[in-house]
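Participant: My questions are about this predicted structure, shown below with the sequence.
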Amino acid sequence: MPVFPIPFDSVPAQPPLLRVDGLHWRAPFDGAEPLFAGLQLHAGAGVLGVIGDEGRGKSALLRLIAGELRPDAGRIQIGAPTDPVDAAALRERLFWCDPQSERHDGLVARDYLAMQRQGRPGWSEAALAAQLDGFALHEHLDKRLEMLSTGTRRKLRLAAALASGATLVLLDDPGAALDARSQRHLAETLRRHQEVPAGQLIVVTGHDDRLMPAAAPRLSLD
Ligand SMILES: Nc1ncnc2c1ncn2[C@@H]1O[C@H](COP(=O)(O)OP(=O)(O)OP(=O)(O)O)[C@@H](O)[C@H]1O
């Protein structure tokens, strides 16, 4: 297992939207190696790729950033240091697109989207429409999530993430289980976002950087 520190500044000229300082974490089971030992990561608006083989800690890093896992040591800050830290403010700032989640599977797709829209002042109907077109989701909007294929469910979650307007969007292995057309659409969406990031950071994990815009910075966990 790799052990860091990695000094990493994706776009040093911009104010960071994500700061990870001195992150230490190991999985809570006997014999687990530390996955992060002093990770430093400051990233500004745009796309950040987190690349690594199986088990390198890509999902764990996103869960640590999302607050689902507790760091053993270190600080994680989303947005400016002066931003409020209550749950509503965090919801505005963060969209965590967890592909493993089954939380919303009983909802009809358009109700899932309506629920995700709540409490997100940056939500964009235009961005949502572009994602529904790009991922060919219109015909699925009246179905419950549990009736959808794995790929379609993932596309629906990605559409919500990309419409959310959250300051920080975390996409865990978004290319997995996507058809070729959807992969092209996602790569194009990320490329455009890298060109015009509009104050938003999208963190994308993957085993390789196929989906990443050429200009986007990468953090390798290998
Ligand atoms: N929520 C968790 N609780 C306990 N251990 C975890 C948790 N998430 C990950 N781990 C452990 O951390 C290690 C890294 O797993 P992780 O899923 O982050 O890797 P990954 O790079 O995302 O791999 P993959 O490409 O296979 O998804 C594994 O040993 C895993 O068992």
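Facilitator: Sure, I can see it. Residues are numbered from 1 along each chain as shown.
Participant: Need the residues that contact the helix ranked longest in the chain.
Facilitator: Selection of the longest helix in the chain by residue count, based on DSSP state H, yields helix 180-195. Helix 180-195 is touched from outside by 46-47, 130-131, 134-136, 151, 155, 158, 162, 174-175, 178, 200, 202, 204, 210-216, with contacts defined as Cβ atoms under 8 Å, 6 or more residues apart in numbering. In short, each C-beta sits where N, CA and C put it, glycine included.
Participant: where does residue 129 land in three-state SS?
Facilitator: helix (DSSP: H, G, I helix; E, B strand; the rest coil).
Participant: buried residues in whichever helix or strand comes after the longest helix of the chain?
Facilitator: Moving toward the C-terminus from helix 180-195, the next helix or strand (DSSP states H and E) is strand 201-206. Residues 201, 202, 203, 204, 205, 206 are the ones in strand 201-206 that count as buried (16 or more other Cβ atoms under 10 Å).
Participant: helices or strands up against the helix or strand following strand 201-206?
Facilitator: Scanning forward in sequence from strand 201-206 by DSSP H and E, the next helix or strand is strand 218-220. Secondary-structure packing of strand 218-220 (3 or more Cβ pairs under 8 Å, 6 or more residues apart in numbering; DSSP states H and E): strand 46-51.
Participant: what's the angle between the strand it packs on and helix 180-195?
Facilitator: 130 degrees (axes from the mean of the first three to the mean of the last three Cα atoms, to 10 degrees).
Participant: centre of the chain versus strand 46-51, how much separation?
Facilitator: 9 Å (Cα atoms, centre = their mean, to the nearest Å).
Participant: helix or strand right after it?
Facilitator: Next helix or strand after strand 46-51 toward the C-terminus (DSSP H and E): helix 58-66.
Participant: what separates that next one from the chain centre, distance-wise?
Facilitator: On Cα atoms, centre = their mean, the centre of helix 58-66 falls 9 Å from that of its chain.
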